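[1] Quick check, what structure comes out for this input:
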Amino acid sequence: MPRSKGTRLARRFVDSVVVVATAGKGGDGIVSFHREPYIPKGGPDGGDGGRGGHVVVRADEKLSTLADTRNNAVIRAENGKRGGPSNRNGRKGRDAVLTVPPGTGLYDERTGEAIGELLENGQSLVAARGGAGGRGNASFKTSTRRAPRKATPGEPGQHRRIRLELRLLADVGIIGFPNAGKSTLLRSISAARPKAAPYPFTTLHPALGVVELGRGSSFVVADLPGLIEGAAEGKGMGHDFLRHAERNRIIVVLLAPDLAIPPSRQLRVLRSEMQRYGMDLTGVEQVVALAKADLLEENRVEEISAGLPEEIYVLSSVSGRGVEPFVKRLYRLLSSLSERPKERR
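    Presented below is the predicted three-dimensional model:
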């Protein structure tokens, strides 16, 4: 069995949060005229207001969940400062920066419009733009209008509700029906300890495990919530599951022999749901495995395997059957995929 070291997500995994982004108002421009001894009628010198601060969202690889971001939290940037005399422009408002894990997408909660996506550490985008600063009267001076008494106020900053959605950036995602043995498999190949129990939907949120085969040889596996027929329409864990699954470079389709639906139909349903959801599976390898082999006689294993359209890995997380070659196969596949990286959506 490969030496393994694990990690897990926070117990309270949060993968969708709505925040209120309020950018700063622009500072007002002012009306002012130059005044100094012996120059009683100086020209206009009112400065412009400063731009309001933006609300910026930045990816930070130190974060793995959105749990630190409170739902409906207000992220407020600073207002710009008003202009001053002697053509002094107001200071720009300070930006408000919200940090999120890489793999977070931003959407306008009202319109559903995609704002952008943060995939790399340090990548950032403006979620709400600060208002432009107002113009001071100095900017209105012309050759025919030498003493304008006009200034404009700063513009309001953008105010919008932003939905943050985290999609896991794991190397391998394990999918299967509820109670197919996904959590148990993750426990057996890594030191992650997701909850496992003999009833559906034990896994309500994804859990991560790091599998190490030796120095410098490791990969991340995600145990994803159980998928059921109709998930593409949001049934069961629905979109919450599929949103994470489309990020993985390898998808392990885990079948179980002790469910009401036979393994051959499990495979058809799982693949059908991924296609109906519109997942981009270009460059994604799929590996099919049969779990809980310790529950079966050998002739039953052969019968199930013969009814499937491709070669499968027969696994037992209890006895360890097939687990080591299965893990090594995943690592070899990932190594080959690294030579032709798939663009993550």
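[2] thinking Arg329 is in contact with Tyr313, fair?
    Yes - under the criterion of C-beta atoms under 8 Å, Arg329 makes contact with Tyr313 at 7.2 Å. Glycine gets a C-beta too; all of them are placed from N, C-alpha and C.
[3] Of these two, give the one with the bigger neighbour count.
    Comparing Arg329 with Tyr313 by neighbour count (other C-beta atoms under 10 Å), the higher total belongs to Tyr313, at 20 against 16.
[4] Run a quick neighbour tally on the nearest residue to the more buried one once chain neighbours are set aside.
    Distances taken as C-beta to C-beta, 6 or more residues apart in numbering put Ala289 closest to Tyr313, at 4.2 Å, once the chain neighbours are dropped. For Ala289, the number of neighbouring residues by other C-beta under 10 Å comes to 23.
[5] Check the offset of the strand or helix carrying Ala289 from the chain's centre.
    Applying DSSP states H and E as the criterion places Ala289 in strand 285-290. For strand 285-290, the separation from the chain centroid amounts to 25 Å (computed by C-alpha atoms, centre = their mean, to the nearest Å).
[6] Please name every helix or strand in contact with it.
    strand 250-255, helix 263-277, helix 298-306, strand 313-314, helix 323-337 (3 or more C-beta pairs under 8 Å, 6 or more residues apart in numbering; DSSP states H and E).
[7] What is the shortest one packed up against?
    This points to strand 313-314. strand 285-290, helix 323-337.
[8] buried set for the last one?
    I take that to be helix 323-337. By neighbour count on 16 or more other C-beta atoms under 10 Å, the buried set for helix 323-337 is 323, 326-327, 329-331, 333-334, 337.
[9] okay, it in PDB with CA atoms only?
    Output in PDB follows, covering the C-alpha atoms of helix 323-337 (Å, rounded to 0.1, in the frame of the first residue of the first chain):
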ATOM      1  CA  VAL A 323      -6.000  -0.600  -4.300                       C
ATOM      2  CA  GLU A 324      -2.200  -0.300  -4.900                       C
ATOM      3  CA  PRO A 325      -2.300  -0.900  -8.700                       C
ATOM      4  CA  PHE A 326      -5.300   1.400  -8.900                       C
ATOM      5  CA  VAL A 327      -3.500   4.300  -7.200                       C
ATOM      6  CA  LYS A 328      -0.400   3.800  -9.300                       C
ATOM      7  CA  ARG A 329      -2.500   3.800 -12.500                       C
ATOM      8  CA  LEU A 330      -4.000   7.100 -11.400                       C
ATOM      9  CA  TYR A 331      -0.600   8.600 -10.900                       C
ATOM     10  CA  ARG A 332       0.700   7.400 -14.300                       C
ATOM     11  CA  LEU A 333      -2.400   8.900 -16.000                       C
ATOM     12  CA  LEU A 334      -1.800  12.300 -14.200                       C
ATOM     13  CA  SER A 335       1.800  12.300 -15.300                       C
ATOM     14  CA  SER A 336       0.800  11.800 -18.900                       C
ATOM     15  CA  LEU A 337      -1.900  14.500 -18.700                       C
END
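[10] same question for that helix, mean pLDDT?
    In this model, helix 323-337 carries a mean pLDDT of 88.
[11] Show residues contacting it.
    For helix 323-337, contacts defined as C-beta atoms under 8 Å, 6 or more residues apart in numbering pick out 1-2, 171-172, 188-189, 211, 213, 217, 219, 249-250, 252, 283, 285, 287, 289, 313, 315-317.
[12] switch to 7 Å and redo it
    Here helix 323-337 makes contact (C-beta atoms under 7 Å, 6 or more residues apart in numbering) with 1-2, 171-172, 188-189, 211, 213, 217, 219, 249-250, 283, 285, 287, 289, 313, 315, 317.
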